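[1] using only what follows, build the 3D model:
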Amino acid sequence: MLVCAALKGTFRKLVWLLLKSALTISAQANLEHAQDAGAMSPKCGMSIVDGIRGIQALEDLQPHELLVQLPFSSMIAAQPWSFKGPPTGVSQKYWAASTMSMRAVAVAAAELHQGSASKFAAYFAHVPVAFDSLGYWTDEELQELQDADLIAQAKAKRFVPQQEFERLKASQPSTAITLTEWQRATELVVSRAFAISVNSGPSVSEVTALLTMGISLAMWLWRSHPIAGKWLLAGTLSTAVASRAVVVAFALYDVKTIALLPIIDDLNHALVANVESRLTIKSSWQMLWEYGRWEQALELKAGAAGIPAGHQVVTTYGNHSSAFLLLNYGFVVPDNPFQPYILHAFREQVEAASGLLPARLKAMQGLPDWSRLEQVPLYWQGFRQADLAALQRILSPAHHHSTSQGEPAEVHMVQVLRNILARERASWSSSLKQDLSLLAATPSNGRRHLAYRAASKSANC
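    So this is what the prediction gives:
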């Protein structure tokens, strides 16, 4: 039995190392793609700590400093602002009868079908799959939730991709897109897409600024060249009359679209964000004036307090209920400030997690270098220096040698964690509370994928 256990442990470590290596390589490729596109500030970089992806501040970021500028051409979306038809493999009939969400799925599926030839290949390889979302749960596992409405939503969600794919095949039997690609695209759009507003026209403030500039230039020109100045002033005033119609026309064109946002999607999440709460949409006119490019873009900026070097760049979970997060992402947020929704299966006390901590630690396998606190994952940053030192001693080779004849190091590590839990609940980091609550309450389906969650940190993505 000892030999079997040893072989099983070796196999788990091998799987962990392979998974960690794959995530690291794909994350690096995604970072290189972002830098080539000029989307990310050079002060930010991809943070890969023990296989956990994210974006980190490499230098001190000032309040409201620009972090990411993502042009619309770098998004995976149905683009209502362009005259492009449906992607290859999707019929015009299906495209015309589909919602904006399903159009986004079609675009993502077409890109997935291109494989490595797609410019989004690094993003697809890098973004984790939400295996714990309720669409993957069996009927028996769903019953553990004891929530009829949520179970019904989960079952309905499970069959949507297949039904839509059948509709796609009916409209274009020759499509090369596969059901697997369609299901993957559906999951990405449902769980990771953003609803954004599209308006490529000038705003009222932009038109006002242009008119003011035109009138000022006309008055200056009038002094030396009266005829030219009069013509310029007349043209500017005529534009002022027409501008109201122009602004109204573009305002009516303001539509919503659904988009996957590479780079921005790499942000980790927390209850408190250090970035601005909303993505800023920069119009084509602003981009043309500032950067010489006629294309809308989304901008992400640092929050009012800035971000110190070495810290993770984090956003919030949004105003979603715990039921929504569990349905789409496969996790819940303790102390959710938006629409609190406590499932029956999540009423256990957090202390019940102590019995599952060894499994969590086994899944983590390797831990970061504790001497460099900027490399410590978010859910360890709530620990005191003494706690980190204790864990560092436990993980040292000397400690492993000294305990080889006694209790394993894992037992000592669990004891340190229990001491932390028993000390001051109010001082726990929100991410640590989330991990422990999830361990205490997740049904067997969720525990089945703890190793993957530890690698991809899908609960914080």
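[2] quick check: residue 300 is in a helix.
    No - going by DSSP: H, G, I helix; E, B strand; the rest coil, the assignment for residue 300 is strand, not a helix.
[3] skipping adjacent residues, who's closest to it in space?
    residue 68 (4.2 Å; Cβ to Cβ, 6 or more residues apart in numbering). Where you see a C-beta, it was placed from the backbone N, CA and C, and this is true even at glycine.
[4] that neighbour contacts residue 299, doesn't it?
    Yes - the pair residue 68 / residue 299 is scored as a contact, 7.0 Å apart, by Cβ atoms under 8 Å.
[5] of those two, who's got more company?
    Of the pair residue 68 and residue 299, residue 68 is the one with more neighbours under other Cβ atoms under 10 Å, namely 24 against 16.
[6] for the residue nearest to residue 300, give its distance to residue 43.
    11 Å (Cβ to Cβ, to the nearest Å).
[7] okay, now residue 103: neighbour count?
    With other Cβ under 10 Å as criterion, residue 103 counts 23.
[8] contacts only, for it.
    Counting by Cβ atoms under 8 Å, 6 or more residues apart in numbering, residue 103 touches 78, 86, 95, 258.
[9] restricted to helices, list the residues you listed.
    residue 95 (DSSP state H).
[10] in the contacts of residue 103, find the pair that's most separated.
    For the contacts of residue 103, the maximum inter-member distance is 14.9 Å, found between 86 and 258 (Cβ to Cβ).
[11] of those two, who's got more company?
    Between residue 86 and residue 258, counting by other Cβ under 10 Å, residue 258 is the more crowded of the two (22 against 19).
[12] which secondary structure elements does the helix or strand harbouring residue 69 sit against?
    Element membership of residue 69, judged by DSSP states H and E, is strand 66-71. Counting contacts by 3 or more Cβ pairs under 8 Å, 6 or more residues apart in numbering; DSSP states H and E, strand 66-71 is packed against strand 297-301.
[13] now the strand it packs on and strand 66-71, what's the angle there?
    170 degrees (axes from the mean of the first three to the mean of the last three Cα atoms, to 10 degrees).
[14] which residues touch the closest residue to residue 258 other than its chain neighbours?
    Among residues not flanking residue 258 along the chain, residue 104 sits closest, at 4.2 Å (Cβ to Cβ, 6+ apart). Residue 104 sits next to 76-78, 189, 193, 257-260 when contact means Cβ under 8 Å, 6+ apart.
[15] is residue 104 part of a helix or strand, or is it coil?
    helix.
[16] could you do residue 320 as well?
    Strictly by three-state DSSP, residue 320 counts as coil.
[17] could I get the pLDDT score of it?
    Note for residue 320: predicted pLDDT of 71.
[18] and it, how many neighbours?
    A count of nearby residues for residue 320, using other Cβ under 10 Å, gives 18.
[19] that one and residue 309: what is the separation?
    31 Å.
[20] before we move on, back to that, want to throw the contacts of residue 104 into TSV with pLDDT and distance to residue 47?
    Formatted as TSV, the contacts of residue 104 follow (pLDDT from 0 to 100; distance: Cβ to Cβ, whole Å):
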residue	pLDDT	distance to residue 47
76	87	23
77	83	26
78	77	31
189	85	26
193	80	23
257	78	30
258	83	28
259	86	24
260	88	21
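[21] which one of those residues is nearest to residue 165?
    Of all the contacts of residue 104, residue 165 sits closest to residue 189, with 13.5 Å by Cβ to Cβ.
[22] can you give the contact residues for whichever strand or helix holds the closest one?
    Counting by DSSP H and E, the element that carries residue 189 is helix 179-192. Contacts to helix 179-192, defined as Cβ under 8 Å, 6+ apart, come from residues 101, 104-106, 108-109, 112-113, 127, 129-130, 133, 135, 157, 160-162, 164-165, 168, 258, 260, 265, 328-329.
[23] try 6 Å this time
    For helix 179-192, the surrounding residues in contact (Cβ atoms under 6 Å, 6 or more residues apart in numbering) are 104-105, 108-109, 112-113, 130, 161, 165, 260, 265, 328-329.
[24] go on, stretch 149-166?
    Counting by Cβ under 6 Å, 6+ apart, 134-135, 142, 179, 182-183, 186, 323, 327 sit against stretch 149-166.
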